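Engineer: Need coordinates for the below:
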Amino acid sequence: MTGANADTMRSLKPSPDQVMEQLDRILSSRDFDLPQRARRFLQFIIEETLDGRGGYLKAFTIAQVVFGRDASFDAQSDPCVRVEASRIRRELERYYLLEGSQDDVVITIPKGTYVPSFRMREVSDGQATAPAQKPPPMPMDATFYAQCRRRASGVVAMAGDRSDHRGFRPGSGMGLAGRTEPGYHDDNTIDPRRTI
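Structural biologist: Just a heads-up that it's a prediction; the model follows:
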C-alpha cells in the first residue's frame with residue numbers, strides 16, 4: 001500500500017470524538033426507538049471498543065455489565081444478548097436509512113460479533129458519497145389501475161380452461177365461464193352418445 005493510499009484509508013476511520021458525537025446523535029434521535037437497556041448495550045460496546053477492549057466483548061461480559069446477570073449466566077440457554085444485539089442492528093440500519101442518511105460517521109455491529117465498526121461515509125478520493133436516491137413514486141392514477149387490471153385479466157385469459165380456479169376438477173365438463181363442454185350435461189353427467 002502506498003503512502004497516499006494509507007493516508008486515504010486512515011482518513012476513512014472516524015476519530016473517537018467523532019464516534020462519540022455520532023453515538024449521542026443516534027441515541028437522541030426520534031427514529032432510534034429502543035428501550036433503555038438496548039441503549040446502554042450500544043453505549044457500552046462502543047465505549048469499550050474505543051478504549052481498546054473490543055476483544056473482550058463477549059455475551060458473558062455484556063450480560064453481566066449491561067443486563068446485570070450473575071456469574072452463572074449461560075449464553076446458550078439465555079439468548080438475551082443475541083436478541084438485543086439483533087434488535088440494535090435493525091434499529092441502526094433503520095436510523096441510517098431515515099434520519100442518519102446524511103451522517104458522516106456510520107456505526108454498525110457486524111453479525112457474528114458484538115464489536116462495533118466505525119467508518120466515514122466517504123469514497124477513496126475523499127469526496128462524500130451522495131445519499132441513496134429513493135426511486136420515483138409509483139403512479140397511482142386511474143391509468144395505472146387500468147393497466148394492472150388489463151394485465152391481470154390477460155394472465156387469467158392465458159390460463160384459459162387449464163386452470164381450475166373455481167374449484168371444478170379438470171375434465172368435469174365445466175369451463176372457466178361455467179359453460180359445459182361437449183359431451184357433458186349441465187348436471188355433469190356424461191351424455192351416453194359421447195364416445196370415449
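Engineer: Only C-alpha atoms from now on, for both contacts and neighbour counts.
Structural biologist: Will do.
Engineer: So which bits of stretch 91-101 are buried?
Structural biologist: Buried residues in stretch 91-101, counted by 16 or more other Cα atoms under 10 Å: 91, 92, 93, 94, 95, 96, 100, 101.
Engineer: and the last one, what pLDDT?
Structural biologist: Read it as residue 101. pLDDT for residue 101: 91.
Engineer: And the contacts of stretch 13-22?
Structural biologist: 50, 105, 106, 107, 118, 119, 120 (Cα atoms under 8 Å, 6 or more residues apart in numbering).
Engineer: 7 Å - rerun?
Structural biologist: Applying Cα atoms under 7 Å, 6 or more residues apart in numbering, the contact partners of stretch 13-22 are 50, 105, 118, 119, 120.
Engineer: OK, contacts around the residue lying closest to the second one once chain neighbours are set aside?
Structural biologist: Taking Cα to Cα, 6 or more residues apart in numbering as the measure, residue 105 lies nearest to residue 120, with 4.7 Å between them; neighbours along the chain are not counted. Listed by Cα under 7 Å, 6+ apart, the contact set of residue 120 reads 12, 13, 14, 104, 105, 106.
Engineer: redo that, cut-off 6 Å
Structural biologist: Contacts for residue 120 (Cα atoms under 6 Å, 6 or more residues apart in numbering) come out as 12, 13, 14, 104, 105.
Engineer: what's it sitting at in phi/psi?
Structural biologist: phi -90, psi 150 (degrees, to the nearest 10).
Engineer: pLDDT at it, what is it?
Structural biologist: For residue 120, pLDDT reads 94.
Engineer: Equivalent analysis for the one 3 residues further on, please.
Structural biologist: Here, the pLDDT recorded for residue 123 equals 51.
Engineer: Helix, strand, or coil at residue 106?
Structural biologist: strand (DSSP: H, G, I helix; E, B strand; the rest coil).
Engineer: Which secondary structure element is home to residue 87?
Structural biologist: Under the criterion DSSP states H and E, the helix or strand holding residue 87 is helix 80-97.
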